[in-house]
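Undergrad: What shape does this take:
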Amino acid sequence: MRISTRSATPGSTPPKYSPIRALSLAIPALLAVSAFFLVNAIQQPSSLQAAGPEPCTPSGDAVVAAAIPINQDPSLSVYPDKGPSGSSSTLHLWNFLPDQKVSAIFRVIGDPVVATGTTDAQGEAYLNFTVPTGPDGVYWILASQDNRACVHASAHFQIGTVPPTPTRTVPEPTPSPTVPVLTPTPQPPVAGSGAGTSTAVMDFTIAAAGFWLAAAGFGVLMASRRKASRVR
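TA: Have a look, this model is predicted:
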């Protein structure tokens, strides 16, 4: 499109306003301003990043991730790991930073802090807590050290009624059959042994004495009769 550069003369019609021409002049200016703010944002540190949590070491020095042993990752366990709202449970934390404050959040509605404490010299802690109110289901428990977002661990907890442990029934002992005690039958004494021999000898002596007494009496009787017949 050709644009006339001649000045308007009295009585002539001024040139009309063109939106396309105005937009073509404004776009380069907008691009230049955007590039200026983008360069400044990249060169200057973010204020949100400067206000974030401190590094993950007690001294505040940055730690290279590859220098941290894998077997020293913070760990968390919970026992029991199931129960109704209002029941009690215990958290076990280990491989945390020593002598630091820790807190545990139950990821239910409202994310309540259910336990707080301090780790010992070995980075270990036991925290008791009460299960918050929530619908039955499986939830996360997050334990972390204050102002150290990279020192944390998590575990599952199931809100729900725990079925009662079945009681083991001990069978009653079966009575053993009673074996009757056999009473030994007295046996007659064998001749020539023990008391039986003494009794037999005594009986034989009495019988012999009786025999000789009877024989003596008979002899006296016969002698008396003979004497009487001679006298006659």
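Undergrad: how about the helices in the protein?
TA: Along the chain, counting by DSSP state H, helices occupy 19-43, 47-50, 194-231.
Undergrad: Point to the helix or strand of this protein where mean pLDDT is at its lowest.
TA: Within the chain, no helix or strand scores below helix 47-50, which has a mean of 32 by mean pLDDT, DSSP states H and E.
Undergrad: Where among the helices of the chain is average confidence lowest?
TA: Among the helices of the chain, helix 47-50 has the lowest mean pLDDT, at a mean of 32.
Undergrad: any low-confidence regions in this protein?
TA: Along the chain, the model assigns pLDDT under 70 to residues 1-19, 21-23, 37-71, 149, 186-204, 227-232.
Undergrad: mind listing the strands for it?
TA: Using DSSP state E, the strands found in the chain span residues 75-79, 82-83, 88-94, 101-106, 113-118, 125-130, 137-145, 148-159.
Undergrad: Can you tell me which of those strands is most buried?
TA: strand 101-106 (a mean of 20; mean count of other Cβ atoms under 10 Å). (Each C-beta comes from the backbone N, C-alpha and C, glycine too.)
Undergrad: So which other helices or strands are in contact with that one?
TA: strand 113-118, strand 125-130, strand 137-145 (3 or more Cβ pairs under 8 Å, 6 or more residues apart in numbering; DSSP states H and E).
Undergrad: The same query, at a cut-off of 6 Å, please.
TA: strand 113-118, strand 137-145 (3 or more Cβ pairs under 6 Å, 6 or more residues apart in numbering; DSSP states H and E).
Undergrad: Direction included, what does that strand pair up with?
TA: strand 113-118 (antiparallel), strand 137-145 (antiparallel) (DSSP bridges).
Undergrad: can you give me the angle the last one makes with strand 125-130?
TA: Using axes from the mean of the first three to the mean of the last three Cα atoms, to 10 degrees, one finds that strand 137-145 and strand 125-130 are set 140 degrees apart in direction.
Undergrad: Alright, I will stop here.
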